[in-house]
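Chemist: Model the structure of this input:
(one chain, ligands or ions: 3)
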Amino acid sequence: MTDYTSKSNIVLIGMPGSGKSTVGIILAKMMAKNFVDTDVLIQLAENRTLQEIVDSEGHMELRHIEERVLLDVNHRHHVIATGGSAAYSHKAMTHLAQDGIIVFLNADLSCLRSRIQNYETRGLAKRPDQTFQDLFDERYQLYTRYANIIVDCSLLSQEEVCNKIIVEIRSHV
Ligand SMILES: Nc1ncnc2c1ncn2[C@@H]1O[C@H](COP(=O)(O)OP(=O)(O)O)[C@@H](O)[C@H]1O
Ligand SMILES: O=C(O)C1=C[C@@H](OP(=O)(O)O)[C@@H](O)[C@H](O)C1
Ligand SMILES: [Mg+2]
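Modeler: Ligands and ions are numbered 1, 2, ... in the order given. This next block holds a predicted model:
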């Protein structure tokens, strides 16, 4: 069993729209941790947006860049919001798990759709022929594979999601 007391980071994974970026910063404040969003790290490293990377070099290049950036993350005592495609890299997830409790924010498809309208411009790392449903089906197994904690968050407010994560972490002995 994972020893949570030895991990200084909390790593949020899940589909776009599950709340990683916005819940992450609230959680960081509640837990007196720092916060980093790896999508922001990618954009700073590349000096361009995620969408620009996908448009000019394709979704696989975004995944490669993301893997490189994630392998460079050596933050401690952070809540780390990842991008939805982070779980494609086994190497990156193994690296993040070394000092991180991995939390899967699980939301159902209709919830995700209601939260996000800009799928066309959000820079999703998907094949052009893949629907959002395809992506959801493909990724669910990846997120569950790496998760130490799964929070069903479709019916929860952002604060409730944070509270649930905190309870789960503290109740784990
Ligand atoms: N639990 C929640 N309840 C309602 N809205 C939420 C919840 N979590 C996130 N949202 C909203 O959904 C949208 C996507 O959230 P975001 O944090 O950007 O997701 P992600 O980083 O996982 O793609 C934002 O508008 C955010 O405010
Ligand atoms: O799911 C994806 O393919 C992606 C999600 C985005 O992050 P969010 O999950 O924060 O939207 C971002 O990492 C990138 O554009 C790829
Ligand atoms: Mg995000």
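Chemist: contacts and neighbour counts: CA atoms only from here.
Modeler: Noted.
Chemist: Is it correct that Arg62 is in contact with Glu52?
Modeler: One correction, residue 62 is Leu, not Arg. No: Leu62 is beyond contact range of Glu52, at 9.6 Å (criterion: Cα atoms under 8 Å).
Chemist: ok, those two, which is more surrounded?
Modeler: Using other Cα atoms under 10 Å, the more surrounded residue of Leu62 and Glu52 is Leu62, with 23 against 17.
Chemist: Residue ranges in this structure under the pLDDT threshold?
Modeler: Along the chain, segments meeting pLDDT under 70 span 173.
Chemist: count of residues packed around Glu138?
Modeler: The burial count for Glu138: 12, using other Cα under 10 Å.
Chemist: let me fix that: Val36
Modeler: Quick note: Val36 (other Cα under 10 Å) scores 19 neighbours.
Chemist: nearest residue to it other than its sequence neighbours?
Modeler: Residue nearest to Val36 in three dimensions, not counting chain neighbours: Ile80, with 5.1 Å by Cα to Cα, 6 or more residues apart in numbering.
Chemist: Work out for me the element the one you found sits within.
Modeler: strand 78-81 (DSSP states H and E).
Chemist: Just name whatever secondary elements that strand is in contact with.
Modeler: strand 9-13, helix 20-30, strand 34-37 (3 or more Cα pairs under 8 Å, 6 or more residues apart in numbering; DSSP states H and E).
Chemist: got the angle for the helix or strand following it vs strand 9-13?
Modeler: Counting by DSSP H and E, the next helix or strand C-terminal to strand 78-81 is helix 90-98. Orientation check (axes from the mean of the first three to the mean of the last three Cα atoms, to 10 degrees): helix 90-98 against strand 9-13 gives 140 degrees.
Chemist: which other residues reach helix 90-98?
Modeler: When contacts are defined by Cα atoms under 8 Å, 6 or more residues apart in numbering, helix 90-98 is touched by residues 7, 11, 67-68, 70-71, 73, 86-87, 146.
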